[in-house]
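Student: Dropping the sequence and predicted coords here.
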Amino acid sequence: MDSLMPATIRLTGRVAVWSVHEPSRSRLAMVVRQNGYDAVMYSTLDELRQGLSTDDFAACVLDEPSSHEVIRNLNSTVRIAGKPTQFIVVPALADRALWAQPAGCDVLDPPCTPEKLGRLLFSAVGRSRLVAENLQLKRRLEGRMFDDLVGISPAMDDVRRLVQTAS
């Protein structure tokens, strides 16, 4: 008789990894891959911003960002693009107090171990899936809003835009 073992939930997805330090970037990408995710490395914030706005990432690991403003800007970029990306910050030990307040992201408490990062990745990817589902449902509802409007013309397109803006 087989014993009942709890099922292991394994999430997959793409994770952006940013660090200005190549060894840290490579180490973080290796840990991301060890946890079953695809890692894409970025060395500059501009490259990262471009990648986050055009590609689909479940999560983004940021190694020692300089400020909360960096996170806010990146978060704004992905929300404007309609992406569900979630952020994980690996702060410098000296800057840990700076990240004590929530910044709209998960913060990895030192020491940075593969297990800790794995748990945060699992949580972030799970949230990303929920956000993606929510965005998809909103798009479906917006599409249904116009089911009762009949006609295809530039004037009807204007009516649909006005109704959507008003809603």
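Tutor: Thanks, I have it. Numbering: from 1, shown residues only.

Student: Run through the strands of this protein in chain order.
Tutor: 14-18, 38-42, 59-63, 86-90, 106-107 (DSSP state E).

Student: so for the last one, what's the average pLDDT?
Tutor: Averaged across strand 106-107, pLDDT comes to 88.

Student: who's in contact with it?
Tutor: With C-beta atoms under 8 Å, 6 or more residues apart in numbering as the test, strand 106-107 has contacts from 86, 87, 88, 89, 91, 99, 120, 123, 124. To be clear about C-beta, it is placed using only N, CA and C from the backbone, and glycine gets the same treatment.

Student: In those, which has the lowest confidence score?
Tutor: Confidence-wise, residue 99 trails the rest of the contacts of strand 106-107, at 60.

Student: Please name the nearest non-neighbouring residue to residue 31.
Tutor: Distances taken as C-beta to C-beta, 6 or more residues apart in numbering put residue 114 closest to residue 31, at 4.6 Å, once the chain neighbours are dropped.

Student: Could you measure from the one you found over to residue 30?
Tutor: 9 Å (C-beta to C-beta, to the nearest Å).

Student: Same check on residue 87?
Tutor: Taken as C-beta to C-beta, the span from residue 87 to residue 30 is 20 Å.

Student: Would you mind telling me which of those two has more residues around it?
Tutor: In this view residue 87 and residue 30 are compared by other C-beta atoms under 10 Å, and residue 87 has more residues nearby, 23 against 13.

Student: which residue sits closest to that one in space, ignoring its chain neighbours?
Tutor: residue 105 (3.6 Å).

Student: where along the protein do the helices fall?
Tutor: 22-34, 45-54, 68-80, 114-144, 154-166 (DSSP state H).

Student: Who are the contact partners of residue 47?
Tutor: So residue 47 contacts nothing (C-beta under 8 Å, 6+ apart).

Student: follow-up on the earlier one: and of the helices of the chain, who's closest to residue 61?
Tutor: Taking C-beta to C-beta, helix 22-34 is the member of the helices of the chain nearest to residue 61, at 5.5 Å.

Student: Please tell me I have it right and residue 90 contacts residue 60.
Tutor: No. If you go by C-beta atoms under 8 Å, residue 90 and residue 60 don't touch, sitting 11.2 Å apart.

Student: before we move on, back to that, put the buried members of the contacts of strand 106-107 into a PyMOL selection.
Tutor: Selecting just the buried residues from the contacts of strand 106-107 in PyMOL takes one command, with 16 or more other C-beta atoms under 10 Å as the test:
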select buried, resi 86+87+88+89+91+99+120+124
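
Student: got the contacts of strand 106-107 as a markdown table, with distance to residue 73 columns?
Tutor: Below are the contacts of strand 106-107 laid out as a markdown table (distance: C-beta to C-beta, whole Å):
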| residue | distance to residue 73 |
| --- | --- |
| 86 | 16 |
| 87 | 11 |
| 88 | 16 |
| 89 | 14 |
| 91 | 17 |
| 99 | 16 |
| 120 | 21 |
| 123 | 23 |
| 124 | 18 |
